[in-house]
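Colleague: Pasting a predicted model and its sequence here:
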Number of protein chains: 2
Amino acid sequence: MNDRFLKACRREPVDRTPIWVMRQAGRYLPEYRELRKKCTMMEAVTTPEIAAEITLQPLQRFPFDAAILFSDLTVPFTPMGAPFDLKEGVGPVVHHPVRSASDLARLRRLEPAADLPYVLETIKILKGELKVPLIGFTGAPFTLASYMIEGGPSKDLRLTRRMMYSEPTLWHSLMEILSDSVAAYLGAQMDAGADAVQLFDSWVGVLSEAAYREFLLPHMRVIFEKLATYRKPVIHFGTGNPTLLPILAEAGGSVLGVDWRISLTDASASIGRSVELAFQGNLDPALLLAGGPAMENATHRILAEGRKLPGHIFNLGHGIFPDTPLAHMEALIKLVTEAPVAA
Amino acid sequence: MNDRFLKACRREPVDRTPIWVMRQAGRYLPEYRELRKKCTMMEAVTTPEIAAEITLQPLQRFPFDAAILFSDLTVPFTPMGAPFDLKEGVGPVVHHPVRSASDLARLRRLEPAADLPYVLETIKILKGELKVPLIGFTGAPFTLASYMIEGGPSKDLRLTRRMMYSEPTLWHSLMEILSDSVAAYLGAQMDAGADAVQLFDSWVGVLSEAAYREFLLPHMRVIFEKLATYRKPVIHFGTGNPTLLPILAEAGGSVLGVDWRISLTDASASIGRSVELAFQGNLDPALLLAGGPAMENATHRILAEGRKLPGHIFNLGHGIFPDTPLAHMEALIKLVTEAPVAA
């Protein structure tokens, strides 16, 4: 097996910087769009053979160093008691938003084996097919809570932030249910064969460090402590506010995902030398969309910065845009896989 | 005239921390909602008597230390050659988005006196009425460009970032037109009587420092150099990525607006001691929405942090949410205006 990705996660020497790309299995691939004409998003996610096929699609085209499970952040919602619809062009719309103690009473902790057997089955299928490590994932508690509380799309997560500030007891109860569920779900994915997992905190960037410390840190620490017993890489990725990186590192994870708003060098410097971490990232997805010399220059810079870190996995700083030309992805992979080993 | 706000902007001693609130003239006020039943947003903005009345509304209710002109970021668009509609619940939708050299050829520099006489007339009316300083404003070039390029609402400013990266010549030409227009517009507002101006870079937080340095900094410096000749406070406010604060300070302005994602202390420390600046901010608007002990504690902390800075104007870290209860604003103003002078 190609273990370049796992070695970089563990801060061991590698022959070159490994690469995978967030949403590498998705809409920028014509074969994905073709397959999705025949099934809905939820059908694709809940049918192990289809989810496995989609996971494998990008690897048949590009020499990525890891696969990421094709799934969706929202799959735990319905079994947890928060049914929703995925509205095209809108996103998940939860039928009964969670805004009060009685709403919370309708929720229960996720039981991954009973609730999401199709995810675990997808992982088992993939482990028989893959020549690269498989990354499992889920959304982090704040991000999952924001979908449950807002009910639909929100630019500002106003209701989520209000609940956090004005009803801390309710908030912490919700966080306990979600963090227990997240830890159990990622653990089950690793038990089923995932070689690493990524925790996506996609909306956490609307918070300050002080708010994170008070309302999230205790719950996040519990998750990472539980996952540490698996001795597999855990990638922690939050977007939108790079000044949160030190507290995200404090919360836990062995690899820190970095979004495109800060350089890897500044990200690493902000955390200090005392924490042993590998870093993942962080090309602006708009640079991959743009292609050309701007993308090339930024890629060379990121590779050079990454070589000075104890471990670096090349990735975008956020998911690939669906309208990214395939030729740009080809060019990017060529740049990364053919880069000289030493700086 | 109450000059507490101007003194704090100039880093002179004040009897207490001055306060105003972004969007203090707006939808959270019942008298604003009542008035807006009779006219559209564009009618309110383009009719000096109505715009002046709306500007004054919050001051009749609360002892704010400054007034902010009631206007909209989009008013320069139509005269500059980018006509648009303000769609309810959506925002500005530009008829012909600016995406090519031929689109750019349709744009021209703003001539404030000829193009926006109603704004300057509103300022003149207000100067006869106000007992506090008047703040003029406009959007910064990146933010204005993003509306023009995207055409409608966008979560990620994908097309704006793509143009910046893939067509730098086109981008810099657009920035020149916009920065000349912005400088002329803020200058005309000060000539008409505005005592200070605020430059809102609402969407700049999707950029890294490296991208800001290459694609915005030269244009922003020109704006601030032109405005420096007025010897009036210029507030520079960018949201979304607090690691941009040092380069925003480098670009210019005498007061740096700080969003709620970073503490005033950390914001000031990130910039260093060499730059002479006052700071404005930075209560999370969701804390004002929530009210209660969380808001009180955060307000006390911000006031205490502000007292250690050479100049501090209390404000939110972003505009007030329209559904904020009036009682919370009353409580906030009481906390700030009755706070002890010394820490």
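Modeller: Sure thing, it's come through. Keep in mind that this is a model prediction, so the values were computed, not measured. Numbering: from 1, shown residues only, chains lettered A, B, ... in the order given.
Colleague: any idea how far chain B is from A:Arg61?
Modeller: Separation of A:Arg61 from chain B (Cβ to the nearest Cβ, to the nearest Å): 23 Å. Every residue, glycine included, has its C-beta placed from N, CA and C.
Colleague: Tell me how many other residues crowd that residue.
Modeller: Residues within reach of A:Arg61, counting by other Cβ atoms under 10 Å in any protein chain shown, total 16.
Colleague: And the pLDDT at the closest residue to it other than its chain neighbours?
Modeller: Distances taken as Cβ to Cβ, 6 or more residues apart in numbering or on different chains put A:Leu29 closest to A:Arg61, at 7.2 Å, once the chain neighbours are dropped. pLDDT for A:Leu29: 98.
Colleague: what do you get for A:Ser270?
Modeller: 95.
Colleague: Tell me how far the helix or strand harbouring it lies from the chain's centre.
Modeller: Taking DSSP states H and E as the criterion, A:Ser270 maps to helix A:264-271. Averaging C-alpha positions (Cα atoms, centre = their mean, to the nearest Å) puts helix A:264-271 20 Å from its chain's average.
Colleague: so it versus helix B:264-271, what angle?
Modeller: Computed by axes from the mean of the first three to the mean of the last three Cα atoms, to 10 degrees, the angle separating helix A:264-271 from helix B:264-271 equals 130 degrees.
Colleague: Tell me the first helix or strand C-terminal of helix A:264-271.
Modeller: strand A:278-283.
Colleague: Listing partners with orientation, what would you give for that following strand?
Modeller: Strand A:278-283 has the following sheet partners, assigned by DSSP bridges: strand A:255-257 (parallel), strand A:312-316 (parallel).
Colleague: who's in contact with that strand?
Modeller: Strand A:278-283 has contacts (Cβ atoms under 8 Å, 6 or more residues apart in numbering or on different chains) with A:8-11, A:233, A:235, A:237, A:254-260, A:262-264, A:267-268, A:295, A:298-299, A:302, A:306, A:309-317, A:332.
Colleague: Please name the residues that touch the residue nearest to A:Arg61.
Modeller: Residues near A:Leu29 by Cβ under 8 Å, 6+ apart: A:Gln57, A:Pro58, A:Arg61, A:Leu326.
Colleague: rewinding a little: let's have the strands paired with strand A:278-283 in a markdown table, adding mean pLDDT and mean neighbour count.
Modeller: Converted to a markdown table, the strands paired with strand A:278-283 look like this (pLDDT from 0 to 100; neighbours: other Cβ atoms under 10 Å in any protein chain shown):
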| stretch | mean pLDDT | mean neighbour count |
| --- | --- | --- |
| strand A:255-257 | 98 | 25 |
| strand A:312-316 | 98 | 27 |
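Colleague: could those go into a markdown table alongside distance to A:Asp65?
Modeller: Listed next are the strands paired with strand A:278-283 as a markdown table, based on distance: least, Cβ to Cβ, whole Å:
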| stretch | distance to A:Asp65 |
| --- | --- |
| strand A:255-257 | 13 |
| strand A:312-316 | 8 |
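Colleague: Tell me the residues of the stretch 201-343 of chain A that contact chain B?
Modeller: Within reach of chain B by Cβ under 8 Å from any Cβ of the partner chain, the stretch 201-343 of chain A has these residues: A:205-211, A:240-243, A:260-263, A:266, A:284, A:286-287, A:289-292, A:294-295, A:321.
Colleague: before we move on, what about the stretch 51-200 of chain A?
Modeller: For the stretch 51-200 of chain A, the contact set with chain B under Cβ under 8 Å from any Cβ comprises A:Lys155, A:Asp156, A:Arg158, A:Arg161, A:Arg162, A:Met164, A:Tyr165, A:Ser166, A:Pro168.
Colleague: By neighbours, which of those residues wins?
Modeller: Neighbour max across those (other Cβ under 10 Å) = A:Met164, 29 neighbours.
Colleague: Would you verify that that residue is located in a helix?
Modeller: Yes. Looking at A:Met164 with DSSP: H, G, I helix; E, B strand; the rest coil, it is inside a helix.
Colleague: Can you verify my assumption that it contacts A:His172?
Modeller: No. A:Met164 is beyond contact range of A:His172, at 9.4 Å (criterion: Cβ atoms under 8 Å).
Colleague: So for the two, which residues contact both of them?
Modeller: Common contact partners of A:Met164 and A:His172 (Cβ under 8 Å, 6+ apart): A:Phe215.
Colleague: Can you tell me which of the residues of the stretch 51-200 of chain A next to chain B has the lowest confidence score?
Modeller: Minimum pLDDT for those is recorded at A:Lys155 (87).
Colleague: Can you flag the buried ones in the contacts of strand A:278-283?
Modeller: The neighbour-count criterion (16 or more other Cβ atoms under 10 Å in any protein chain shown) marks A:8-11, A:233, A:235, A:237, A:254-260, A:262-264, A:267-268, A:295, A:298-299, A:302, A:306, A:309, A:311-317, A:332 among those as buried.
Colleague: returning to what we had before: I'd like to know which elements the helix holding A:Ser270 is packed against.
Modeller: With contacts defined as 3 or more Cβ pairs under 8 Å, 6 or more residues apart in numbering or on different chains; DSSP states H and E, helix A:264-271 has these neighbours: helix A:245-251, strand A:278-283, helix A:292-307.
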